[in-house]
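1. This is a predicted model, with the sequence first.
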Amino acid sequence: MAAASPPASMKIQTRNVEIKTEPEADDDLRICPEEVPVKRDPVVPLVAPVCGLQPLAWSQDHRLAVCTTSSVSLMELVCDVYSSKQELMLLRTSIPVPTEAPKLRVGPAAELAEAVGKFSSHPDPSVKQLFLADKVMNPSIGSHKGIKYASWSPLGCDSSGRCLLACLTLDHRLTIHNSHKRLEWNTLVNLTKRYSERLKERGYSKKDNKPPQAGLQDFDELQRRFRMQTPLRMEWSSVYTTKQVQPDNSCKDLEMVLLAVLMENGDLVLWKFVLPYLSDADVLFYDIVESGVSRPSDLAWWEYESGERRMSGLIVGSELGPVKIVPVSLAGVKGYFTLRHPVILWKECDELAVENLKCVPMIHPIQKSSCSLIVASRGCYVFWCLLMISPAGLNVHNSHVAGLHSLPVVSLAISQHGVAVYTCSLDGLIKKLTPTFTESTLIFKQEDLLQPDNLSGRRMHGIAVSRNGAYCALVSTQGLVGGHHPISRTYQVHFVALKTSEEAAALLLKSPAQNLYKTADLLDLVRWQVVKNKCIPAALLDEVDRKIQEVDTPYLWRFKLFLVRILYQSLQMPPTDHHWKPTLEENKVPVRDEDKEGEEEEEEGGEGEEDEGEKDKGGAALVEVKPEEGNLEEQMEEVQAWINAVETHMMRENMKKVLGVVYLNTWIAQNTSIPTCGLVEYLSRDGNDRGSEVLIGHIKNKMNKQTFSERCSLCQAVLPFSDHKQAICKNGHMWLRCVLSYQACQTLTFRRCLLLDTIARLPQPEDPEWIRKILQAPCTLCDSPMI
């Protein structure tokens with residue numbers, strides 16, 4: 001899919017708004033003053049109305065899921081280094097809603113049909129109406145089509161190191177999806193169907209495995225069997241590491257993630273996903289927890305970590321108003337403790353439904369201890385709860401923020417980097433809450449998030465914040481037009497920048513992740529500034545060079561390479577002609593008479609003389625333009641040489657890293673798929689690199705004067721290692737080289753970087769474990785995953 005086309009440019013009204021950033025982002029880097037928030041193009045139109053309780057969900061790998069009545073519309077934010085456009089680069093895909101309706105099994109088909117006939121004509125109106133109005137028990141009245149909820153897993157859960165997507169439809173089908181290829185989505189497992197089969201095997205018993213005493217002819221039993229397998233919400237936990245004992249008594253670290261599914265009867269069903277997900281065998285039933293919450297409404301994970309002490313639980317909200325934390329036992333996970341009893345966060349049954357539950361870990365700036373902030377919307381109010389663990393026990397501080405909106409809060413988002421809470425209601429108002437700590441409680445600073453002109457007066461349906469808080473996504477539709485509701489509505493997704501480019505640059509330089517791909521939303525703000533100004537800010541470049549001199553890390557070199565690449569793209573002139581457009585002049589077939597040819601030749605001769613005269617008259621102007629074009633070409637050549645120098649440095653450092661792994665994992669004179677001799681020869685060309693000389697000496701001693709040359713699979717000729725990007729044999733056969741192992745990829749299938757920078761070969765069955773580990777690394781140039 002192509003990126004959404006940008007709309008016509010519009011005037012943006014902005015004012016200065018104080019945005020709180022991370023404590024480590026000091027004011028030592030100042031590039032240029034900007035104003036936030038700023039609307040970013042494009043505005044993405046949706047082909048179907050939005051639906052669901054929280055229609056927007058932003059993943060850790062920078063993909064936005066929008067729940068609509070026909071599909072899950074997906075937009076991936078790509079920080080493209082080969083584009084000079086100022087708009088956001090969004091790759092759009094979608095996952096359609098299945099057409100067939102799911103059928104929940106509650107017992108034998110004949111017994112179920114008899115129960116349906118009985119309760120649809122029951123003499124008691126209270127039983128009859130309750131049965132007929134329930135779309136789960138009585139699907140004959142029809143059900144809505146669309147996506148009810150979407151939830152993203154943490155980063156690194158699928159085979160490519162990206163996120164899995166859990167989708168819950170309005171007809172209660174829970175499925176897991178992944179994007180194995182670039183723009184293709186696959187359905188991995190149907191958890192609703194799998195759980196229904198498990199309940200059938202257990203005879204629809206509860207957690208205590210006691211068989212039910214009543215049958216389907218009992219209305220309460222029929223209702224219980226449907227509610228125990230009707231999902232309402234699902235949320236992913238963080239990634240846990242467990243130990244697995246191998247046959248040789250050695251221990252191997254295994255990663256797993258849990259998916260908690262909240263059922264209509266209040267049960268919490270936990271599914272275990274062994275990472276990376278490869279097949280259905282990696283999905284296992286983990287546990288079931290009875291929350292005891294009546295009429296549950298929302299779900300969130302609570303995870304506390306302080307040093308080596310970690311705890312986790314599930315926060316469950318109710319339509320009646322109470323909020324509680326339910327303990328979750330994590331057997332086999334090192335360092336995790338289990339809560340002894342449920343923790344009541346709010347106990348009043350005031351009929352204000354708990355929605356948009358969020359939990360974020362924080363550091364108390366006064367007490368210097370770990371704590372957790374839990375927020376949720378309850379009608380027009382925002383409920384908050386601060387959890388702190390002290391030697392005396394668990395301390396709970398809770399309250400409500402009132403006076404935010406005149407209408408109920410429809411969506412709530414929280415930025416974990418520089419904690420801020422964003423809320424929106426149907427009236428189109430967006431509020432920002434910034435917490436301020438005191439000795440024992442919190443105070444929220446309330447601000448109106450200023451909106452561009454084209455967002456004022458629109459009806460808001462959802463809000464989401466990107467991974468690092470750089471962007472805010474809004475889904476909206478028309479409000480009242482001339483005091484009346486419009487006949488037809490169109491739904492759009494808008495993107496608003498919440499941080500300035502200088503803040504993004506400061507955060508990138510001090511990022512603890514040390515990964516450009518994980519900070520792609522911040523990186524896009526810096527790209528936008530470089531493309532817009534056609535230069536790299538001097539303060540930023542000096543700061544990068546200074547940090548490289550202090551701490552020479554690959555992350556800083558990749559950041560510098562990114563800046564230079566974007567500078568090169570910004571200097572390129574936009575194309576004046578499009579090669580894909582047919583020219584009408586070439587398609588015309590001239591038909592002329594012989595008598596008119598002479599006259600036309602004379603006219604052409606006269607026009608040629610006039611053209612020569614115009615050239616003479618405009619000669620001075622052309623002379624003035626040529627030096628500018630020459631300077632631009634010289635500047636682009638300098639930038640290209642700059643790019644080549646940075647890439648060569650990064651490749652040489654990565655080659656030394658690969659050779660070090662080869663040295664530690666091979667015996668004397670062992671032939672591997674990695675071109676060791678070619679790498680040694682390539683690194684030997686630079687005589688000023690002392691580190692390379694020492695490593696090459698050790699490698700040559702181990703090789704014992706033996707050379708294992710790569711050979712072309714077509715002609716068996718030797719493939720010389722003259723370039724780190726490609727290999728060409730003497731017969732002209734060219735093969736691209738893997739950026740991770742530097743082996744020539746001589747197969748029909750290989751992986752490619754998300755930004756189309758480099759390629760990597762697929763692991764082969766005969767590859768040892770240490771080579772497979774090398775091939776699991778991201779791109780050397782941009783940190784993007786290999787797909």
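-> Everything's here; your move.
2. Residue 379 against residue 406, yeah?
-> No. Using Cβ atoms under 8 Å, residue 379 makes no contact with residue 406, being 11.1 Å away. (Glycine included, C-beta is placed from N, CA and C.)
3. between the two, which one's more packed in?
-> Just comparing residue 379 and residue 406: by other Cβ atoms under 10 Å the higher neighbour count belongs to residue 379, 18 against 10.
4. give the contact list for that one.
-> Residue 379 makes contact with 352-353, 408-409, according to Cβ atoms under 8 Å, 6 or more residues apart in numbering.
5. just residue 175 next, same as before
-> Neighbouring residues of residue 175 by Cβ under 8 Å, 6+ apart: 166-167, 187-192.
6. In helices only, show me these.
-> 191-192 (DSSP state H).
7. if we can go back for a sec, among the contacts of residue 379, which are located in strands?
-> residue 409 (DSSP state E).
8. of the contacts of residue 379, buried ones?
-> When those are checked for burial by 16 or more other Cβ atoms under 10 Å, the buried set is 352-353, 409.
9. what's around the nearest residue to residue 164 once chain neighbours are set aside, how many residues?
-> Here the nearest residue to residue 164 in space, its sequence neighbours aside, is residue 153; by Cβ to Cβ, 6 or more residues apart in numbering that works out to 4.1 Å. Using other Cβ under 10 Å, residue 153 is surrounded by 27 other residues.
10. Over to residue 435?
-> Neighbour tally, residue 435, other Cβ under 10 Å: 18.
11. Residue 428 too?
-> Neighbours of residue 428 using other Cβ under 10 Å come to 17.
12. Residue 181 now?
-> So residue 181, with other Cβ under 10 Å, has 10 neighbours.
13. From residue 118, how far out is it?
-> 50 Å (Cβ to Cβ, to the nearest Å).
14. Go ahead and confirm residue 55 touches residue 460.
-> No. If you go by Cβ under 8 Å, residue 55 and residue 460 don't touch, sitting 10.3 Å apart.
15. With just CA atoms, put stretch 288-307 into CSV.
-> Output of stretch 288-307 as CSV, limited to C-alpha atoms (Å, rounded to 0.1, in the frame of the first residue of the first chain):
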residue,chain,number,x,y,z
ILE,A,288,-7.7,-18.6,34.9
VAL,A,289,-8.3,-16.1,37.7
GLU,A,290,-11.7,-15.4,39.1
SER,A,291,-11.8,-11.7,39.8
GLY,A,292,-15.2,-11.6,41.5
VAL,A,293,-16.0,-8.3,39.7
SER,A,294,-19.6,-8.1,38.6
ARG,A,295,-20.3,-6.4,35.3
PRO,A,296,-16.6,-5.8,34.4
SER,A,297,-15.8,-3.1,32.0
ASP,A,298,-12.1,-2.6,31.5
LEU,A,299,-8.7,-4.2,32.1
ALA,A,300,-5.0,-3.2,32.5
TRP,A,301,-1.8,-4.8,33.8
TRP,A,302,-0.1,-3.5,36.9
GLU,A,303,3.6,-4.3,37.0
TYR,A,304,5.8,-3.0,39.8
GLU,A,305,9.6,-3.2,39.7
SER,A,306,12.1,-1.8,42.3
GLY,A,307,15.6,-3.3,42.0
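16. For that stretch, give the mean pLDDT please.
-> For stretch 288-307, mean pLDDT is 92.
17. who's in contact with stretch 75-90?
-> Residues from elsewhere that reach stretch 75-90, judged by Cβ under 8 Å, 6+ apart: 3-4, 6, 40-42, 44, 62-64, 66, 91-93, 466, 471, 493, 495, 516, 520-521, 523-524, 527-528, 531-532, 562, 565-566, 569-570, 572, 574, 754-757, 782.
18. Identify each buried residue in that stretch, please.
-> 75-81, 87-90.
19. Flag every buried residue along the longest strand belonging to the chain.
-> In the chain, taking DSSP E as the definition, the longest strand is strand 251-263. Within strand 251-263, the residues scored as buried using 16+ other Cβ under 10 Å are 256-263.
20. Could I get the average pLDDT for that strand?
-> Mean per-residue pLDDT for strand 251-263: 92.
21. can you map out the helices along the stretch 301-450 of the chain?
-> For the stretch 301-450 of the chain, applying DSSP state H, counting those that start in this stretch gives no helices.
22. Against residue 531, how distant is residue 634?
-> 21 Å.
23. meant to ask about residue 276, not that
-> Distance of residue 276 to residue 531, given as Cβ to Cβ: 35 Å.
24. about what we covered before: tell me which strands the next helix-or-strand element following the longest strand of the chain pairs with, and in which orientation.
-> As assigned by DSSP states H and E, the chain's next helix or strand after strand 251-263 is strand 267-275. Neighbouring strands of strand 267-275 in its sheet, by DSSP bridges, are strand 251-263 (antiparallel), strand 283-290 (antiparallel).
25. Residues contacting the shortest one, please?
-> What that stands for is strand 283-290. Against strand 283-290 from outside (Cβ under 8 Å, 6+ apart): 176, 188-189, 191, 194-195, 198, 206-207, 258, 266-274, 277, 314, 326-329.
26. Buried residues in it, which are they?
-> Neighbour counts over strand 283-290 (16+ other Cβ under 10 Å) mark 283, 286-289 as buried.
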